[in-house]
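In: coords please:
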Amino acid sequence: MHDGYLYYTDHREGTLKRFLLENIEDPFGELHEELIAYLNGARAIDVFNNTLYVVQEESNRIAVIHPQIGKVARYFRVNERPVGIAFSPSGESLYVSHRESKDIALVSLNLGRQTHSV
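Out: Modelled structure (predicted):
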């Protein structure tokens, strides 16, 4: 069971922090319970930029959250039913696995979109 907080490490300060999820602002007006539910599932954390990438399986997208300021920065559209996520070795892209198609998509963080699928 989730306690309602997002926990993250602030590597600049060397501390563990928490943020009350209901306080996250979404300028897109799309933040809902699905995002909170998936915080217990697939996610990737960019520890150097304090950015959280969360898979939203039902919405076919990745939410990009900046927990230190409590805001959703953007969403990346991906193939149908994303379920897993990991950084590429360079840290410039995300690998996203999909339940339905059983493929792996490459999402460019610089371009903000899916570029390849295998």
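
In: so what's the nearest residue to residue 77 once chain neighbours are set aside bridging to?
Out: Leaving out its chain neighbours, the residue that sits closest to residue 77 by Cβ to Cβ, 6 or more residues apart in numbering is residue 61, at 5.3 Å. Every residue, glycine included, has its C-beta placed from N, CA and C. When assigned by DSSP bridges, residue 61 has beta-bridge partners residue 56, residue 77.

In: run a quick neighbour tally on residue 61.
Out: 20 (other Cβ atoms under 10 Å).

In: what does residue 113 give?
Out: Neighbours of residue 113 (other Cβ under 10 Å): 12.

In: tell me which residues touch the residue nearest to residue 112 when sequence neighbours are not counted, please.
Out: Leaving out its chain neighbours, the residue that sits closest to residue 112 by Cβ to Cβ, 6+ apart is residue 76, at 6.2 Å. By Cβ atoms under 8 Å, 6 or more residues apart in numbering, residue 76 lies in contact with 61-62, 64, 94, 107, 112-114.

In: residue ranges with poor pLDDT in the protein?
Out: The chain contains residues with pLDDT under 70 at 1-43, 47-48.

In: how about residue 103, nearest residue that isn't a chain neighbour?
Out: residue 117 (5.0 Å).

In: what separation do you get for that neighbour and residue 66?
Out: 27 Å (Cβ to Cβ, to the nearest Å).

In: I appreciate the help and will end here.
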